[in-house]
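1. Pasted the sequence and its predicted model underneath.
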Amino acid sequence: MPLSRRSSVLWGGLLLSTLMLSSCAPPDPLEQRSQAPPPKEESSLTLNNATLEQANAKGQTVWKIQVEEARYSVDGKNATLVNVKGDFYEDGKVVLQVKADKGEIIEDGKALFLRENIVALDPRNKAVLRAQEVEWQTESSILTARQDLKGEHPDLTVTAKEGRYETKEEKLIVSGDVVAVTEHNTKDQNKPKDPRRLELKTDRITWEIKNNRVFGDRPLTLVRFVDQTATDEVKSDQAELLLKQQLVHLAGLNQFKSVEPPLQIAAEPISWYYLTRFVTTDKPISIVDYKQRITVRGNRGAVNLAAGIAKLEQGTNTTSQEQQSQLYADELTYNFGPQTLQAKGNIVYEQQKGVKFNLTGDLAQGSLPDNNVVVTSTSPERVVTEIFPNQ
């Protein structure tokens, strides 16, 4: 039977509504996921037995290394390295030859980190640095070392907690429990070996390897040894060690102690030729024999500790606490072994123990501990003796 007009309109409306509902319904999420493109897989580059190098903006090589393995990050800017060996450059020249168990390339080669059993040799001066962790900054040409740092050179060995090697200046700055040692042995085969060494302890030093100079501006201790026996010990606020000259310049407050002869020296500044044990100063100096209780002072002077002889000038004063005696003179030579003296110029000898008296003249010689001093003069009338009877 044919549909009525009303029925056909209703059917048509229902059909249209069904089509509209079908077209407005959200898609099936399962169907949508099945149609999405697959995610991109990230991948990194791994190189085996490779040679890697980095250049600066001028096209100059700043480092070149061989590695057993290099595993790069996805962006290619960083890499981890295994068994590293190679060279660091400055202005196109090799300044360090390095090797390490592990390493990292950072920020597209701007820095290199090396770790474990690191050895870095500067071929210009033969200095060797050892550590467990170092960082090489290519732009500044600075190597920063940490953990068990040790610097070795024919003239000096240094250990510290950390340090920085500036390759442009060939300068090593170390800090934290610093110990620096320089050793010397007799080269003459006809003489017995005489191993001598100087040991420096402080918190921070600068070692100018190219200039053979070590400088410390923190409180420090210097000890001179023969074999394992200490012969001299110095405490100072500041020291400059010149390795080729075997010389130490001491500034600030200095306390110098010699074991044999048993002397304490106070002066500011002091120049100490530590190998030959020769001390000089152009400023006031005081020398105390702490066993004999003899004090020798001068406005400038030198002490040969190996011979036990002091030579003072520009006004001197020698005092014996035991004998309560003292001697004034322009110049004085004092031998601390036999405790003898020779003096000249404006002599005044005073004795307070027993009979009190004064002697004046031009020359003097004798021994203060024995109260045996002879004062003479080129002009007999210039010798004057004053005796002060006991009250």
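-> Received, thanks. Numbers count the residues shown, from 1 in each chain.
2. first to last residue in stretch 100-119, what's the distance?
-> Chord length of stretch 100-119, first to last residue, is 7 Å (CA to CA, to the nearest Å).
3. which element is residue 173 on?
-> strand 171-184 (DSSP states H and E).
4. Kindly calculate the angle that the helix or strand following that strand makes with strand 171-184.
-> Heading C-terminal from strand 171-184, the first helix or strand you meet, by DSSP H and E, is strand 196-208. Comparing the axes of strand 196-208 and strand 171-184 via axes from the mean of the first three to the mean of the last three CA atoms, to 10 degrees yields an angle of 170 degrees.
5. For strand 196-208, buried residues please.
-> Buried positions in strand 196-208, judged by neighbour count with 16 or more other CB atoms under 10 Å: 196-208. Bear in mind the C-beta positions are built from the backbone N, C-alpha and C, glycine included.
6. Pick the one among those residues closest to residue 100.
-> Residue 100 lies nearest to residue 207 out of those, by CB to CB, at 22.3 Å.
7. For that closest one, name its beta-bridge partners.
-> As for beta bridges, residue 207 partners with residue 172, residue 214 under DSSP bridges.
8. So it versus residue 129, what's the distance?
-> 11 Å (CB to CB, to the nearest Å).
9. Now for these two: what residues contact both?
-> Common neighbours of residue 207 and residue 129 (criterion: CB atoms under 8 Å, 6 or more residues apart in numbering): 151, 172.
10. circling back to that earlier point, residues contacting the strand holding residue 173, please?
-> 127, 129, 149, 151, 155-166, 195-210, 214, 216, 241, 243, 246, 275.
11. Please point out which parts of that strand sit buried.
-> For strand 171-184, a neighbour-count test (16+ other CB under 10 Å) marks 171-175, 178, 180, 182 as buried.
12. now stretch 360-367
-> Residues of stretch 360-367 classed as buried by neighbour count (16+ other CB under 10 Å): 360-364, 366-367.
13. where do the strands sit along the stretch 251-391 of the chain?
-> 263-267, 270-273, 278-281, 285-289, 294-304, 309-320, 325-329, 331-335, 340-351, 356-367, 372-376, 384-388 (DSSP state E, counting those that start in this stretch).
14. Residue 105: which of those strands is closest?
-> With respect to residue 105, and counting by CB to CB, the nearest of the strands of the stretch 251-391 of the chain is strand 270-273 at 47.7 Å.
15. Against residue 286, how distant is the residue most central in space within the chain?
-> Nearest residue to the geometric centre of the chain (CA atoms, centre = their mean): residue 205, 3.1 Å. Using CB to CB, residue 205 is found at 28 Å from residue 286.
16. Would you confirm that the residue nearest to the centre of the chain contacts residue 215?
-> Yes: using CB atoms under 8 Å, residue 205 is in contact with residue 215, at 6.6 Å.
17. Now residue 306. Its backbone dihedrals?
-> phi -60, psi -40 (degrees, to the nearest 10).
18. Roughly how far does it sit from residue 279?
-> 11 Å.
19. which one of the two has more residues nearby?
-> Ranked by neighbour count (other CB atoms under 10 Å), residue 306 and residue 279 place residue 279 first, with 26 against 14.
20. Can you tell me how far the more buried one is from residue 135?
-> Using CB to CB, residue 279 is found at 42 Å from residue 135.
21. still on that earlier bit, for residue 106, find the nearest of the strands of the stretch 251-391 of the chain.
-> strand 270-273 (45.6 Å).
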